[in-house]
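Participant: starting from these lines, generate the structure:
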Amino acid sequence: MARKARSVHRCAECGAEHPKWAGRCDSCGSWNTLVEEVVTRATARAGRGSEVSGAIAPVLLADVAAHGPARWHTGLDEFDFVVGGGVVPGSVLLVGGEPGIGKSTLLLQCAARLEAAGLTTLYVSGEESVEQVRLRADRLEEDAGPVRVLPEVRLEAVTTQARLVDAKVIVVDSIQTTYTEELEGAPGNVGQLRECAARLMRFAKETGAAVVLVGHVTRGGIIAGPKTLEHVVDTVLYFEGEASGDFRILRAVKNRFGSVDEVGIFEMTAHGLSPVANPSAAFLAGRSAETAGSAVTALMEGTRPVLVEIQALAAKSGYWRRRVGMAHRSAWPPASISAGWPSSWRCWSGGRACRSTTSTCSSMSRVGCAWASRRVTSRSPPRCAPACGTTPFPGTRCSSARSASGAKCVPLGVWSGGSPKPSGSGSTLHTCPPRAGCAHPSPS
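Facilitator: Numbering: from 1, shown residues only. Have a look, this model is predicted:
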């Protein structure tokens, strides 16, 4: 069959084709995302009346088993929790993260545990040699010796070897280095990424093997490549954390077989990544309750409440930023601070980023206590009273909250500000901002 080569400009965000280069994509409106690539298409097509060989016949939905396939457990509790209870056979997972964050280490540990459970695992290394993978495996607590390693970047060779060894789990590290010989263009371009991901997805559905893809991220923190890459896979996971810190967070942003926005906490050790069973205790380890401008707040990460420490510094300035400035202005009127408006600098324990609005009230009260050089205790006056929740605007009625995040403080033996829970006090946490006119008394 004759093939004709042509050049197109494809958008890296939405995958739309353009006949020539332009600064802005007409489909999604993104700027500077058009990349030239050479594609080949068949000039002869099958007739309309021709029959398709090997077509799959439709089935009744009532005849499909309701319980579904059994999940494969890796033994890493945090990983299994994020993906919904284990790896689903025939699924495709995409794991993205910054360079050096520990993606390859985490997946090599999962591969070693699945191999020990009796599942044939194939680890495809497109970025490292076999000797380099062995060096990483020697540092792990798990025995990765039985794992089959394939240093290959050609997609056809990967699928052929996976069929020969009857692999149940295939780890491709990474999808940006994989290419198919049927398309022209360098590995990592839009066409190669889309085609390789689509073929691996079809391979997983046909054979029942689970495919795990490692994806690079851009400077903006999103997975490199077209958005189609995230639409094709079943689960998208982001591996986050400070490269200089010990804690790593595995976050699910898409999951067809479980909850979205679930997080798993890991600690990087000399023997690999270790799941953190109690993230709140790990984030609060070594915290001093005698420090001014420091407090503990509860954040909802998926279905899990996590206690973290917020530290604040305050200084004279007129600079404010977004929600924090609005919250501070609503809680601290100009007459309450005669020395001037404080600008605040806040940080969360463990180097993690806060996406929940429930930390607004706690952050606001910490800045006030830092400005007044007051430490937060369970018997602090209303101005430095610990709080958990969002901050209402001035003039609105404040109410008490008995939420899942508030109930989390009681079993750990801390009050909402992180100090020991007073005897005889209730577990209700107040969302009231520390200002005059609040009907709730300070904790005592």
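Participant: which parts of the helix or strand that contains residue 230 are buried?
Facilitator: Following DSSP states H and E, one finds residue 230 within helix 228-232. Neighbour-count burial for helix 228-232, counted by 16 or more other CB atoms under 10 Å, picks out 228, 229, 230, 232. Placement of C-beta: from N, CA and C, glycine included.
Participant: repeat for stretch 98-116
Facilitator: Here stretch 98-116 shows 98, 101-116 as buried, counting by 16+ other CB under 10 Å.
Participant: what sits closest to residue 203 if chain neighbours are left out?
Facilitator: In space, and not counting its chain neighbours, residue 203 is closest to residue 159: 5.5 Å by CB to CB, 6 or more residues apart in numbering.
Participant: my bad, residue 230
Facilitator: Per CB to CB, 6+ apart, closest to residue 230 is residue 236, 5.2 Å.
Participant: who does the helix or strand containing the one you found touch, helix- and strand-wise?
Facilitator: Residue 236 belongs to strand 235-240 when assigned by DSSP H and E. Counting contacts by 3 or more CB pairs under 8 Å, 6 or more residues apart in numbering; DSSP states H and E, strand 235-240 packs against strand 92-97, strand 247-255.
Participant: at 10 Å what do you get?
Facilitator: helix 77-82, strand 92-97, helix 103-116, strand 210-215, strand 247-255, strand 263-269 (3 or more CB pairs under 10 Å, 6 or more residues apart in numbering; DSSP states H and E).
Participant: got those as a markdown table, with mean pLDDT and distance to residue 69 columns?
Facilitator: Output for those, formatted as a markdown table (pLDDT from 0 to 100; distance: least, CB to CB, whole Å):
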| stretch | mean pLDDT | distance to residue 69 |
| --- | --- | --- |
| helix 77-82 | 94 | 15 |
| strand 92-97 | 95 | 14 |
| helix 103-116 | 96 | 15 |
| strand 210-215 | 96 | 10 |
| strand 247-255 | 93 | 16 |
| strand 263-269 | 92 | 22 |
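Participant: ok, back up a step: the helix holding residue 230 packs against which elements?
Facilitator: Partner elements for helix 228-232 (3+ CB pairs under 10 Å, 6+ apart): strand 92-97, helix 190-207, strand 210-215, strand 247-255.
Participant: show me which residues of the second one are buried.
Facilitator: By neighbour count, with 16+ other CB under 10 Å as the criterion, the buried positions of helix 190-207 are 190-197, 199-201, 203-204, 207.
Participant: let me have these in CSV, adding distance to residue 168 and pLDDT as columns.
Facilitator: Shown next, in CSV, are the buried residues of helix 190-207 (distance: CB to CB, whole Å; pLDDT from 0 to 100):
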residue, distance to residue 168, pLDDT
190, 30, 82
191, 29, 82
192, 26, 88
193, 25, 89
194, 26, 87
195, 24, 90
196, 20, 93
197, 20, 93
199, 18, 95
200, 15, 96
201, 16, 95
203, 13, 96
204, 11, 96
207, 9, 94
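Participant: picking that back up, nearest to residue 311, out of the helices and strands packed on strand 235-240?
Facilitator: strand 247-255 (16.2 Å; CB to CB).
Participant: next, the buried residues of the closest one.
Facilitator: For strand 247-255, the neighbour count (16+ other CB under 10 Å) marks 247, 248, 249, 250, 251, 252, 253, 255 as buried.
Participant: low-scoring stretches of the stretch 101-250 of the chain, by residue?
Facilitator: Under the criterion pLDDT under 70, no range of the stretch 101-250 of the chain is flagged.
Participant: 90 instead, please
Facilitator: 174, 182-194, 216-231, 241-246 (pLDDT under 90).
Participant: and the gap between residue 187 and residue 153?
Facilitator: Here the criterion is CB to CB, to the nearest Å. By it, residue 187 lies 6 Å from residue 153.
Participant: just residue 191 next, same as before
Facilitator: 16 Å.
Participant: now do residue 130
Facilitator: From residue 130 to residue 153 the distance is 14 Å (CB to CB).
Participant: the more surrounded of those two?
Facilitator: Neighbours were counted for residue 130 and for residue 153 using other CB atoms under 10 Å; residue 153 has more, 19 against 11.
Participant: surely that one touches residue 124?
Facilitator: Yes: look at residue 153 against residue 124 with CB atoms under 10 Å: they come within range, at 8.4 Å.
Participant: what is in contact with the two at once?
Facilitator: 172, 174, 177, 178 (CB atoms under 10 Å, 6 or more residues apart in numbering).
Participant: ok, back up a step: any chance of JSON lines for the helices and strands packed on helix 228-232, columns distance to residue 67?
Facilitator: As requested, the helices and strands packed on helix 228-232 are exported to JSON lines (distance: least, CB to CB, whole Å):
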{"stretch": "strand 92-97", "distance to residue 67": "21"}
{"stretch": "helix 190-207", "distance to residue 67": "19"}
{"stretch": "strand 210-215", "distance to residue 67": "18"}
{"stretch": "strand 247-255", "distance to residue 67": "19"}
